[in-house]
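[1] For reference, the sequence and a predicted model appear below.
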Amino acid sequence: MQLASPDLDGLFPFATFFLSLIQLLGSNWKALLLFSFLIWSVTVFTRRAKQSKDSSSLLVEGSPSPRVPLNGSDIPLIHHHPYSQTSDRPTSKSSSQTQKKDLMVKSAQKQDHRVRPPCDAFLVLDVEATCEEGTGFEWPNEIIEWPVCLMRWKDKSDQGRTSQLEIVDEFRSFVKPTWRPQLSQFCTELTGITQVQVNTAPTFQNVLKMFARFLANHGLIDPKSGRPIQRFCWCSDGPFDIRDFVVKQCFISKMPMPLWLKGDILDVRKVVSVWAAASSNPDTTIKPSARSHIRSLNIPQQLQVLGLPAFQGRLHSGIDDTRNIARVMTELARRGVRLEPKTSINPKRRWNWMGKSGVVLEHTLMSQ
């Protein structure tokens with residue numbers, strides 16, 4: 001931009017007039033000062049008005065005025081992102097729509113799925129137990145594999161919100177059955193666990209002692225009293241592992257359920273099944289009374305509805321089942337699903353085959 005030099009020709013008449021006033025009012029200095037101020041004010045005002053008029057006509061040729069509408073559109077004086085030279089500038093209406101769409105995309109990208117979890121750690125468990133072909137959960141099963149994945153949060157904010165769950169350690173031990181030490185062929189084919197593996201394994205009481213040290217080393221329980229000192233919960237595919245197998249095994253092993261095994265559990269199968277049903281009908285609220293009619297999803301089906309790769313490992317291998325349940329847990333956490341224990345367990349539950357002091361009444365099994 002080029003500006004013209006200021007024109008000082010208009011100052012000479014005022015200077016002549018000013019000298020005449022000095023001679024006329026030489027004897028009255030107050031009047032002289034007043035007239036001098038008036039003359040100076042008029043001169044400055046006239047000069048600035050002329051410069052403003054001249055400079056507007058002396059802009060570089062071809063530069064549009066910032067207030068002149070472009071292409072018939074009144075573009076406001078704000079900063080815009082530069083457009084490509086090969087594309088047309090959008091009109092003010094399309095520009096507004098584009099900006100609105102960009103804001104919606106950014107908002108979706110920044111959506112925070114993190115929640116304040118009720119638990120600091122999760123113990124994912126999927127036991128394997130003795131079984132006979134044709135029997136169900138009423139049978140006195142004995143635990144023969146105790147696999148656990150310990151999961152913790154890894155991205156907690158200052159407000160305690162998080163959404164990233166990961167496995168930090170694992171525990172696995174085979175368990176020696178005592179009531180019926182010999183595994184059935186059906187059990188070995190189903191679980192992949194051999195007779196040799198259970199024959200050389202510790203008993204259930206000793207496995208729990210080993211596992212209690214595992215929990216204490218991770219700061220989850222007090223090493224002396226066994227009381228939990230952190231917020232953690234048990235998670236399993238359905239309530240069966242602790243509700244049925246652990247309660248039965250504690251009876252057969254003639255031992256009380258440890259403090260760190262008591263309490264409500266997180267039924268991962270129920271959580272995923274309810275989530276899947278709600279996702280397929282987002283406008284429908286699923287009442288608790290209707291959840292019993294929801295399709296129950298096994299582990300491979302849970303992975304599928306969550307869009308995860310297929311089951312990894314061998315089905316009915318305790319450690320492989322546990323690791324895949326942990327994958328489901330990680331995905332639920334990523335999606336912002338609240339993970340909390342809601343399934344109650346009764347440690348004093350009893351079956352018809354239970355006698356006194358851990359005795360299995362075998363005659364009651366004949367009808368099963």
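    Good, I have the coordinates.

[2] So, low pLDDT: which residues of the stretch 151-300 of the chain?
    Regions of the stretch 151-300 of the chain meeting the criterion pLDDT under 70 cover residues 281-292.

[3] the helices in it, which residues?
    Across the stretch 151-300 of the chain, reading from the start of the chain, the helices by DSSP state H, counting those that start in this stretch fall at 185-191, 195-199, 204-217, 240, 247-252, 268-280, 299-305.

[4] Could you give me the buried positions within the fifth one?
    Of the residues in helix 247-252, those buried by neighbour count under the rule 16 or more other CB atoms under 10 Å are Val247, Lys248, Gln249, Cys250, Phe251, Ile252. To be clear about C-beta, it is placed using only N, CA and C from the backbone, and glycine gets the same treatment.

[5] Now distance to Asp222 too, for these, in CSV please.
    Conversion of the buried residues of helix 247-252 to CSV gives the following (distance: CB to CB, whole Å):
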residue, distance to Asp222
Val247, 24
Lys248, 27
Gln249, 24
Cys250, 21
Phe251, 26
Ile252, 27
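
[6] Let me know the closest of those residues to Pro347.
    Val247 (6.1 Å; CB to CB).

[7] Please report how far that closest one lies from Val127.
    Computed as CB to CB, to the nearest Å, the Val247 to Val127 distance reads 12 Å.

[8] quick one: Gln312 is in a helix?
    No. According to DSSP: H, G, I helix; E, B strand; the rest coil, the state of Gln312 is coil, so it is not within a helix.

[9] could you list every residue that touches it?
    Asp320, Arg323, Asn324, Arg327 (CB atoms under 8 Å, 6 or more residues apart in numbering).

[10] Highest neighbour count among these?
    Note: the member of those with the most neighbours is Asn324, at 25 neighbours, neighbours being other CB atoms under 10 Å.

[11] looking at it, that one is touching Arg314, isn't it?
    No. Using CB atoms under 8 Å, Asn324 is not in contact with Arg314; the gap is 10.3 Å.

[12] thinking again about what came up before, okay, the contacts of Gln312 in TSV with pLDDT, secondary structure and distance to Pro181 next?
    Compiled in TSV, the contacts of Gln312 are given as follows (pLDDT from 0 to 100; DSSP: H, G, I helix; E, B strand; the rest coil; distance: CB to CB, whole Å):
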residue	pLDDT	secondary structure	distance to Pro181
Asp320	98	helix	25
Arg323	98	helix	28
Asn324	98	helix	29
Arg327	98	helix	34
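
[13] List the contacts of the closest residue to Ser184 other than its chain neighbours.
    Leaving aside its sequence neighbours, Ser184 sits nearest to Glu132 (CB to CB, 6 or more residues apart in numbering; 5.5 Å). For Glu132, the set of contacting residues under the criterion of CB under 8 Å, 6+ apart consists of Trp139, Ser184, Phe186, Cys187.

[14] Most neighbours out of those residues, which is it?
    Cys187 (23 neighbours).

[15] Pull the number of nearby residues for Ile143.
    Residues lying near Ile143 (other CB under 10 Å) number 24.

[16] wait, Arg152 sits on Val124?
    No. At 11.6 Å, Arg152 does not count as touching Val124 under the criterion of CB under 8 Å.

[17] who's more crowded, those two?
    Shown here are Arg152 and Val124; by other CB under 10 Å, Val124 has more neighbours (27 against 19).

[18] Not counting its neighbours along the chain, what's nearest that one?
    Ranked by CB to CB, 6+ apart and with sequence neighbours excluded, the top spatial neighbour of Val124 is Cys149, at 4.3 Å.

[19] cool, Ser357 as well?
    Lys254 is the one closest to Ser357 (CB to CB, 6+ apart), at 6.3 Å.

[20] Ok, Asp264 next?
    With CB to CB, 6+ apart as the criterion, Asp264 has its nearest non-adjacent residue at 3.8 Å, and that residue is Pro341.

[21] how far away is that neighbour from Arg231?
    Taking CB to CB as the measure, Pro341 falls 10 Å from Arg231.

[22] now swap in Val196 and tell me
    Taken as CB to CB, the spacing of Val196 relative to Arg231 amounts to 40 Å.

[23] and if you look at Thr130?
    When distances are taken as CB to CB, Thr130 and Arg231 turn out to be 33 Å apart.
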